[in-house]
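no letters, just coordinates:
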């Protein structure tokens, strides 16, 4: 009983519902149950077409009463596939329990909106008899696509959206279709594939809305993420996974890739204990898994919610009838009394088969064309549901012109059409074979959509020989044939004449889709070509990476140390108070930049120049907002000092931090993340400088860009001193982890200058040593044999009173020089003349600084605890000798990353200065690149982040951690030669010894930027330190 007072016509009248009720969970002919006496309460329910209806129920009525009222209001017979979900007081999405009183579940009914959505996704949509049910399923698919839940490749997404558009506006019209796509968002990244959507829509002429629903569900049901709702979890090793449940059983995902599936027939018991979800398998000697699998979820409530969904899915798809309620125990209860309530899928199919249902007309809210409400439920033939033209357009949606011409020849009378073949163009992603590099693009991942095994489907499903419908099998993946439709086209055949697997289909796997270079060029031309657009795009891509880095501090680190009492509460609060506001601010900034870029691309595609083709106004607004965060930015140096104090004073706190640095999400030393907000200011300044340099003074965006540059420059000058001090402090802390045998590396006044490999001449000849140059001393080390491969200190040369002399002729060793100290001298040799020049220049400069300072340096090799303070502005006292020894042994046990800058310099026989680190900070970059190995044919699309002298590879910018990294020290970056046969634009080559990688960017601007930042890492920076840094010394 919907409340009629709020509108002129009820939703039931709008949908054409008759007076009698068609209630899903009741037997035929019965009316809804009488509600218990009591006060009536209004409950709001949001339907799948986004309308809201108000239903009145009694205070004591169970959830089943409300659900039956919704189904009766829609006149929905197959309502058991659906459910009502809502957010409870814990902000968790849960299903309404049909057996419990509604108001005991919904504490605040006035402020709660329930959503009527699909709950059970059947493997075969042909089991849905009513057109209304299929329409509601199509609305659910539409919602899942828009929310990003239904992940698929661009080809499948474009085809599904084209069917949605066909059902809403009818046959293709250039102007109408383009405007409709501009004003309606069906995909998160819709603008990128808008051309492909219109191409698919062009081929659907004459298709009715009901037929579009059928084709949409036909495509969607073959996708791996169809009906999947991910529940975050971790395995025993702490790897982040997601659990889901489907008609086949429990699924395990890593990201959006299904890595395991446990069929219902193999599961003996599902249970949960606290926040651990347990899957007990039936004994199987051939099974490599343990009998009991354990997954850790966020909380006990998360476990219980997922366990309930599993119980309901198992009962709905596996049982013949609704399970009986458990008898009430006499003395005490054990376990949960929760059970599935409603009809099972078999009961629904039997009921629909035995009943003579009348065809009920209804109105499609979003459709601008009249629906015939065709497709009678009693129809025994599927021919009316699958039109010839529609099925053919699905088959040929993404085939080359030659295939479409072959089809036209066949339809004109040709008896022998050629077989459909496909090849992979070099630009496109190719599936990664086992054993190759694990990194792959999100696009490549999304292209591997799996078709469910037919044995897992119901016996009567289309495609099986004993299908009661006797319907033709409609193949939407291009690898089969459409029978009984008079089309006469054959699919891709294997060596023995068999049809190839749907996994190789050109429709659902982009690897099989042929795209030529002309098509690529045409696609690129549809995007803006102004340099300002690519500068704005760089801002967007680097902002996404920056926000991910802030999440490491505000979310990952806080959750790692938040529940441990060993970590000081004051330090946690200090970090949270100064980084959370910055994170929230940049969340809003990122949304504004994303919105502006989307408008910019959309306006350009429509060939309309407007106010959206600029970025300076967005930057000016947010740079002014950054001024209010200056207080937090200034205090972030205090956070770094306090964190080090906490680690010095407590071994447990130190272990917590080191354990966190071992997690994949912390892909850099944690202290570097703490400096990210200060470094980001430099990035904004450089981006605005490029923008102002590009714009002529008369450009409408020049004034805003120049004002933003002035503001950000003022903030940078204000924080420059703090930034440089903290960079040096962070670098000393990082080196302290790499060195063993040093007690007091971090002292006031000591500055790091250079580290790298030199060969030391001794009685045994030249031996490779790692040298560390500070402002007061030169330390040489060798790589130790500890599990973490720390460097053991062998000696220290104070710079005060040191002299340096080139001695290549004296010793007969190329690129050698002698260091004469007050106590002893050392002969060393560099790997090349340029490397020797860098070392000699930096050592001489450091000697001059040491002469100007107070005198002799502190002994780094002392074994007693020092009384020095960490920094001038924040004193951190040393711990006891016992604590320090315990810390070092803890480090050796735990180990730390073996690909730190020190280790890379050791293996590549090179060196890095503090100036190089400062330049690398300014030259961070991220974005999409296509990568190709030396001996491979295909290009692989990756999200690539350049920072800390390394490239980090992700599937997409949404990933939390990189899949692989490539340190660039020692590499050379060039452009491929003609002999390498790389006939593509914007390609650069990375080369080190026998290692060769090719990377392809999307534009000339991106190509130049990647070359610029990578050269900053592969080539040493300026030979002398800037004056400001000398002043700090």
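Nice, thanks for sending it over. Note that the structure is predicted; figures quoted are calculated from it, not measured. Numbers count the residues shown, from 1 in each chain.

and residue 839, how far from residue 975?
Separation of residue 839 from residue 975 (Cβ to Cβ, to the nearest Å): 31 Å. To be clear about C-beta, it is placed using only N, CA and C from the backbone, and glycine gets the same treatment.

what of residue 849?
Distance, residue 849 to residue 975, by Cβ to Cβ: 41 Å.

which of these two has more neighbours?
Shown here are residue 849 and residue 975; by other Cβ atoms under 10 Å, residue 849 has more neighbours (17 against 12).

need the pLDDT of that one.
For residue 849, the model assigns a pLDDT of 83.

now swap in residue 318 and tell me
Here the pLDDT value assigned to residue 318 is 84.

neighbours around it, how many?
14.

need the three-state assignment for residue 180.
Following DSSP: H, G, I helix; E, B strand; the rest coil, residue 180 is assigned to helix.

from residue 827, how far out is the most far-flung residue of the chain relative to its centre?
Residue farthest from the centre of the chain, counting by Cα atoms, centre = their mean, is residue 810 at 58.9 Å. Relative to residue 827, residue 810 is positioned 9 Å away (Cβ to Cβ).

overlap in contacts of these two?
Residues touching both residue 810 and residue 827 by Cβ atoms under 8 Å, 6 or more residues apart in numbering: residue 818.

quick one: the helices in the stretch 1-150 of the chain?
Applying DSSP state H, counting those that start in this stretch to the stretch 1-150 of the chain gives helices spanning 11-14, 63-74, 102-105, 131-147.

which helices and strands sit right next to the second one?
Spelled out, it's helix 63-74. Judged by 3 or more Cβ pairs under 8 Å, 6 or more residues apart in numbering; DSSP states H and E, helix 63-74 is in contact with helix 11-14, strand 40-46, strand 52-58, strand 82-87, helix 102-105.

need the helices for the stretch 601-750 of the chain, in chain order.
For the stretch 601-750 of the chain, the helices defined by DSSP H, counting those that start in this stretch occupy 616-626, 630-649, 651-662, 670-674, 676-694, 702-738.

quick one: which of those helices is nearest residue 904?
When the helices of the stretch 601-750 of the chain are compared by Cβ to Cβ, helix 702-738 sits nearest residue 904, at 11.3 Å.

quick one: average pLDDT of that closest one?
89.

same deal with stretch 299-311?
Throughout stretch 299-311, pLDDT has a mean value of 90.

name the residues that touch it?
Here stretch 299-311 makes contact (Cβ under 8 Å, 6+ apart) with 90, 92, 94-95, 229, 231-232, 243, 245, 250, 270-272, 274-277, 297, 336, 338-340.

check those for burial and list the buried ones.
Burial by neighbour count, judged by 16 or more other Cβ atoms under 10 Å, picks out 94-95, 229, 231, 243, 245, 250, 270, 272, 275, 277, 297, 339-340 from these.

quick one: which of the helices of the stretch 601-750 of the chain is nearest residue 918?
Nearest of the helices of the stretch 601-750 of the chain to residue 918, taken as Cβ to Cβ: helix 702-738 at 6.8 Å.

list the buried residues of that closest one.
Judged by neighbour count (16+ other Cβ under 10 Å), helix 702-738 contains these buried residues: 702, 704-709, 711-713, 715, 719, 722-738.

show me where pLDDT drops low in the stretch 551-700 of the chain?
For the stretch 551-700 of the chain, applying pLDDT under 70 flags the ranges 603-611.

could you chop this structure up by domain?
Per the TED database, the domain ranges recorded for the chain read 40-118, 227-323+338-350, 531-737, 741-853, 924-1018.

could you work out the end-to-end span of the shortest one for me?
I take that to be domain 40-118. By Cα to Cα, to the nearest Å, the extent of domain 40-118 from end to end equals 27 Å.

what does the third one give?
End-to-end distance of domain 531-737: 43 Å, with Cα to Cα as the criterion.

show me how far that domain is from its chain's centre.
19 Å (Cα atoms, centre = their mean, to the nearest Å).

returning to what we had before: can you redo the helices of the stretch 1-150 of the chain as TSV with distance to residue 750, mean neighbour count and mean pLDDT?
Output for the helices of the stretch 1-150 of the chain, formatted as TSV (distance: least, Cβ to Cβ, whole Å; neighbours: other Cβ atoms under 10 Å; pLDDT from 0 to 100):
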stretch	distance to residue 750	mean neighbour count	mean pLDDT
helix 11-14	74	16	41
helix 63-74	68	23	91
helix 102-105	63	18	88
helix 131-147	53	22	91
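
nearest to residue 572, out of the ones you listed?
For the helices of the stretch 1-150 of the chain, the distance to residue 572 is smallest for helix 131-147, at 33.8 Å, taking Cβ to Cβ.
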